[in-house]
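Visitor: 3D, please:
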Amino acid sequence: MSTGYRPSALRQGKSVSIPSAAKNTPIGDRHDLAAYLAKGEKPREDWRIGTEHEKFGFYTDDLTPPPFDGDRPGIRAILEGLASRYDWDIAREGDTPVALTKGKANITLEPAGQLELSGAPLETIHETCDEVTNHLKEVRSVAEELGIGFLGMGFQPKWRRDQMPWMPKGRYKIMREYMPKVGSLGLDMMTRTCTVQVNLDYSSEADMVKKFRVGLALQPIATALFANSPFTEGKPNGYKSYRSHVWTDTDADRTGMLDFVFDDGFGYERYVDYILDVPMYFSYRDGKYVDLSGQDFKKFMRGELPALPGVKPSLTDWADHLTTAFPEVRLKQYLEMRGADTSTWNSLCALPAFWVGLLYDDTALDAAWDLVKDFSREERHALRDGVPKEALDLRFRNHTVRDLSLEALKIAQAGLKRRNRQGNRGADESIYLEPLMEIAISGKTQADVKLELFHGKWNGSVDPVFREYAY
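Guide: Numbering: from 1, shown residues only. I've put the predicted structure just below:
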């Protein structure tokens, strides 16, 4: 459910980039909305990498998910412990701590207390990997003293939806009430999924379009490589990435593969038209969330919403509304790659490496586009619909997704080598692809490995996953 990497608007526990002078500027028409997206354009030397990942908390004695508050220290205690020990600033809704910020990084809460690092925009994968490593060490140092651990998987492997806690955030209350009206798995998406994603820049509208198309077409490949959610309520669920499947029955108005991205003439204005058709969730007014679920942003622009008579939106409202669509790739003032289950510690660095290698080198981007440009709409959907169950084993044309993954990884590897951003030990960023190369060559995803353990030495129990794969 991740929403962004640039810090501000922490009332939502998320990030939006809006010039302070324009925050309360009324929106004139759809051209203003397209211009907002165009302001994300940056010269190549200013391109950055923003990595986000979520993880499930659990009490180490009984594996139950910690609530925000309760008889035992919970998520509040973790936020406050991180703030006091490591100099994070606390962001609050009213008197309630709901997020942390330090520099350009945020720590935020997903609906059931999944802890998310929304990393700072950084120049290299080396830096983002250091950031992830430092974050996990800080979290572990605080959480261990509270008897809490954290697990990186795409779907909660043990507990039912009704056993998951809810965080005290106004945005999530509105979404919780709305989700069952539009799909059967939306509450699972909110409470029982975790993802890792990367947010990347573009230099122009044409550059955005090309990266968007490549990202959408290859998003199922990332889903397959990162498949890591084979269990539901203690049993195999028949999927390699059940998290990915959950999105297919969450809310059709705001999810999916966005076929129009591949149409001639796609650009900022066409994406604006799509977002304007996404029903609203809320508007943030005077420190409170106003429930506008299911209502029309276009009517908001005309001042015709019954709950806010005569009120018209500002760029802040538009930035908020952009975060309420959840397609496989999302455009704000940067592009978000959203297809992967959250993962083991070392693979968290592999996700940004995969996409940076494909999208931040012109030769690699051209090669990636050549790889996918003749995919038909039906083939793109077959990939999206098939990989949650079959992952790398899915047949595609005369080959498998494993074969396609190897091709994409070779392109990404070459792109990272041409970038030639070396770390302290002299290695370039392609070293971070090694976990994915191992998966693609072996044909065994993290889900496959865990299923083998479940049917083998774990003796039909998922409980060992909390010990053997905890951060």
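Visitor: longest strand of the chain?
Guide: Counting residues, the longest strand found in the chain (DSSP state E) is strand 49-59.
Visitor: can you map out the strands along the stretch 251-400 of the chain?
Guide: With strands called from DSSP state E, counting those that start in this stretch, the stretch 251-400 of the chain shows them at 255-256, 282-285, 288-291, 326-327, 329-331, 335-341, 395-396, 399-400.
Visitor: need the contact partners of the third one.
Guide: This points to strand 288-291. By CB atoms under 8 Å, 6 or more residues apart in numbering, the residues outside strand 288-291 that reach it are Gly170, Arg171, Lys173, Ile174, Glu177, Phe282, Ser283, Tyr284, Ala307, Leu308. All C-beta atoms are positioned from the backbone trio N, CA, C, and that covers glycine.
Visitor: among those residues, which one lies nearest to Phe326?
Guide: Arg171 (13.7 Å; CB to CB).
Visitor: could you report the neighbour count for that closest one?
Guide: 22 (other CB atoms under 10 Å).
Visitor: thought it was touching Tyr281?
Guide: Yes. Using CB atoms under 8 Å, Arg171 makes contact with Tyr281 at a distance of 7.1 Å.
Visitor: now the residue of the chain positioned farthest from its centre. Nearest residue, chain neighbours left out?
Guide: Most distant from the centre of the chain: Gly310, at 34.8 Å, with distances by CA atoms, centre = their mean. Nearest residue to Gly310, sequence neighbours excluded (CB to CB, 6 or more residues apart in numbering): Gly303, at 4.9 Å.
Visitor: tell me who's in contact with the one you found.
Guide: Pro309, Gly310, Val311, Lys312.
Visitor: please redo it, this time with the cut-off set to 7 Å
Guide: Applying CB atoms under 7 Å, 6 or more residues apart in numbering to Gly303 gives the contacts Gly310, Val311, Lys312.
Visitor: out of the contacts of strand 288-291, who's nearest Gln422?
Guide: For the contacts of strand 288-291, the nearest to Gln422 is Arg171 (41.3 Å; CB to CB).
Visitor: only alpha carbons, please: show the helix or strand containing that closest one as CSV.
Guide: Element membership of Arg171 [criterion: DSSP states H and E] is helix 170-178. Written as CSV, here are the backbone C-alpha positions of helix 170-178 (Å, rounded to 0.1, in the frame of the first residue of the first chain):
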residue,chain,number,x,y,z
GLY,A,170,-8.2,8.7,10.2
ARG,A,171,-7.3,7.8,6.6
TYR,A,172,-7.5,4.1,7.3
LYS,A,173,-10.9,4.3,9.1
ILE,A,174,-12.4,5.7,5.9
MET,A,175,-10.8,3.1,3.7
ARG,A,176,-11.8,0.3,6.1
GLU,A,177,-15.4,1.2,5.8
TYR,A,178,-15.3,1.7,2.0
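Visitor: now that helix: buried residues?
Guide: Gly170, Arg171, Tyr172, Lys173, Ile174, Met175, Arg176, Tyr178 (16 or more other CB atoms under 10 Å).
Visitor: does the second one touch Tyr284 like I think?
Guide: No. Using CB atoms under 7 Å as the test, Arg171 is too far from Tyr284 to be in contact (8.4 Å).
Visitor: what sits against the nearest residue to Trp369 once chain neighbours are set aside?
Guide: The shortest distance from Trp369 to any non-neighbouring residue, by CB to CB, 6+ apart, is to Val214 (5.5 Å). Neighbouring residues of Val214 by CB under 7 Å, 6+ apart: Leu358, Leu359, Leu365, Ala368, Trp369, Val372.
Visitor: next, format the residues you listed as TSV and append pLDDT and distance to Lys55.
Guide: TSV is the format used below for those (pLDDT from 0 to 100; distance: CB to CB, whole Å):
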residue	pLDDT	distance to Lys55
Leu358	98	25
Leu359	98	25
Leu365	98	31
Ala368	98	29
Trp369	98	33
Val372	98	31
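Visitor: so of the residues you listed, which ones are in helices?
Guide: Secondary structure assignment by DSSP state H places Leu358, Leu359, Leu365, Ala368, Trp369, Val372 of the contacts of Val214 in helices.
Visitor: quick one: pLDDT of the residue lying closest to Trp247 once chain neighbours are set aside?
Guide: Spatial nearest neighbour of Trp247, excluding adjacent residues (CB to CB, 6+ apart): Thr255 at 5.3 Å. At Thr255, the model reports a pLDDT of 97.
Visitor: Thr255 and Arg421, how far apart?
Guide: Thr255 sits 34 Å away from Arg421, going by CB to CB, to the nearest Å.
Visitor: what about the two, which has more around it?
Guide: When Thr255 and Arg421 are compared for neighbours, Thr255 comes out ahead with 22 against 17, by other CB under 10 Å.
Visitor: beta partners for that one?
Guide: Counting by DSSP bridges, Thr255 is bridged to Phe326.
Visitor: got the contact list for it?
Guide: Thr255 makes contact with Trp247, Phe326, Pro327, according to CB under 7 Å, 6+ apart.
Visitor: Ala470 contacts Ile148, correct?
Guide: No. Here Ala470 lies out of contact with Ile148, judged by CB under 7 Å, at a distance of 10.1 Å.
Visitor: give me the more crowded residue out of these two.
Guide: Higher neighbour count among Ala470 and Ile148: Ile148, with 24 against 17, using other CB under 10 Å.
Visitor: tell me what the more buried one is bridged to.
Guide: Bridge pairing for Ile148 - DSSP bridges - gives Tyr59.
Visitor: just the contacts of Gly303 now: which is nearest Glu205?
Guide: Checking these against Glu205 by CB to CB gives Lys312 as the nearest, at 26.6 Å.
Visitor: if I look at that closest one, how far off is Lys39?
Guide: On the measure of CB to CB, Lys312 and Lys39 end up 20 Å apart.
Visitor: in TSV: the contacts of Thr255, plus neighbour count, pLDDT and distance to Phe56.
Guide: Conversion of the contacts of Thr255 to TSV gives the following (neighbours: other CB atoms under 10 Å; pLDDT from 0 to 100; distance: CB to CB, whole Å):
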residue	neighbour count	pLDDT	distance to Phe56
Trp247	26	98	18
Phe326	21	98	19
Pro327	21	98	24
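Visitor: will you turn those into a markdown table that also has distance to Gln114?
Guide: Below are the contacts of Thr255 laid out as a markdown table (distance: CB to CB, whole Å):
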| residue | distance to Gln114 |
| --- | --- |
| Trp247 | 16 |
| Phe326 | 15 |
| Pro327 | 20 |
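Visitor: with that, I have no additional questions.
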